[in-house]
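Asker: return atomic coordinates for the entry below.
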Amino acid sequence: MEAQHLHAKPHAEGEWSTGFCDCFSDCKNCCITCLCPCITFGQVADIVDRGTTSCGAAGALYTLIAVITGCGSIYSCFYRGKMRAQYNIRGDGCTDCLKHFCCELCALTQEYRELKHRGFDMSLGWAGNVERQVQQNQGRVAMGAPTFQGGMTR
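Answerer: Down below sits the predicted model:
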């Protein structure tokens, strides 16, 4: 089940839905990211990886890299590129890394806001968003031709 276009709000094709320095447009996430960026990163990674990387595992790896190298952005800048590719947002790998190295908090909060803008409830993670989409669509089953499981039988 694809949950990537849940209630998406329109914005310019190929552009981020919010500015890089619009951190305070979501004060709650801004504060969480300032205190513990691994939480925001984990939430972003869970959605971008479509549930193959859990929020906890991504956040823990981010923290481990940050503790060992002093620079969690080494890991997080690659997710910006993945996200841009998924949503056809303009940019390049060099710019992604520069944004993460120069202002990790602005980059993480922008990615968080982008996913939120595209209809994801970031507190639910990928699996929770898929489940929510299934529940919303249960009452909207279209009538169609009955299914037939044919084929060769003996």
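Asker: hey, let's count contacts and neighbours off CA atoms from now on
Answerer: Fine.
Asker: going along the chain, name the helices of the chain.
Answerer: For the chain, helices defined by DSSP state H occupy the ranges 27-35, 37-48, 55-69, 73-87, 93-102, 104-117, 125-137.
Asker: lowest average confidence, helix or strand, in this protein?
Answerer: helix 125-137 (a mean of 92; mean pLDDT, DSSP states H and E).
Asker: so it versus helix 37-48, what angle?
Answerer: Angle, helix 125-137 to helix 37-48, by axes from the mean of the first three to the mean of the last three Cα atoms, to 10 degrees: 50 degrees.
Asker: got the buried residues for helix 125-137?
Answerer: G125, W126, A127, G128, N129, V130, R132, Q133 (16 or more other Cα atoms under 10 Å).
Asker: residues contacting the first one?
Answerer: For G125, the contacting residues are Q43, D46, I47, G51, C55, by Cα atoms under 8 Å, 6 or more residues apart in numbering.
Asker: drop anything exposed from those.
Answerer: Listed as buried from the contacts of G125 are Q43, D46, I47, C55; burial here means 16+ other Cα under 10 Å.
Asker: next one: the third one from C55, what distance?
Answerer: From I47 over to C55 the distance is 9 Å, taken as Cα to Cα, to the nearest Å.
Asker: again with the second one
Answerer: D46 sits 5 Å away from C55 when distances are taken as Cα to Cα.
Asker: a markdown table please, covering the helices of the chain and showing distance to E13.
Answerer: A markdown table is the format used below for those (distance: least, Cα to Cα, whole Å):
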| stretch | distance to E13 |
| --- | --- |
| helix 27-35 | 25 |
| helix 37-48 | 19 |
| helix 55-69 | 28 |
| helix 73-87 | 9 |
| helix 93-102 | 18 |
| helix 104-117 | 13 |
| helix 125-137 | 23 |
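Asker: which of the ones you listed sits closest to G19?
Answerer: Closest of the helices of the chain to G19 is helix 104-117, at 7.1 Å (criterion: Cα to Cα).
Asker: so for the closest one, mean pLDDT?
Answerer: In this model, helix 104-117 has an average pLDDT of 96.
Asker: for that helix, the distance to its chain's centre please.
Answerer: 9 Å (Cα atoms, centre = their mean, to the nearest Å).
Asker: using PDB, write out every CA atom in that helix.
Answerer: Written as PDB, here are the backbone C-alpha positions of helix 104-117 (Å, rounded to 0.1, in the frame of the first residue of the first chain):
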ATOM      1  CA  GLU A 104      21.600  20.300  10.600                       C
ATOM      2  CA  LEU A 105      18.600  21.500  12.600                       C
ATOM      3  CA  CYS A 106      17.200  23.600   9.700                       C
ATOM      4  CA  ALA A 107      17.600  20.700   7.300                       C
ATOM      5  CA  LEU A 108      16.000  18.100   9.500                       C
ATOM      6  CA  THR A 109      13.000  20.300  10.400                       C
ATOM      7  CA  GLN A 110      12.500  21.100   6.700                       C
ATOM      8  CA  GLU A 111      12.400  17.400   5.800                       C
ATOM      9  CA  TYR A 112      10.000  16.800   8.700                       C
ATOM     10  CA  ARG A 113       7.700  19.600   7.500                       C
ATOM     11  CA  GLU A 114       7.900  18.400   3.900                       C
ATOM     12  CA  LEU A 115       6.600  14.900   4.900                       C
ATOM     13  CA  LYS A 116       4.000  16.400   7.200                       C
ATOM     14  CA  HIS A 117       2.900  18.700   4.300                       C
END
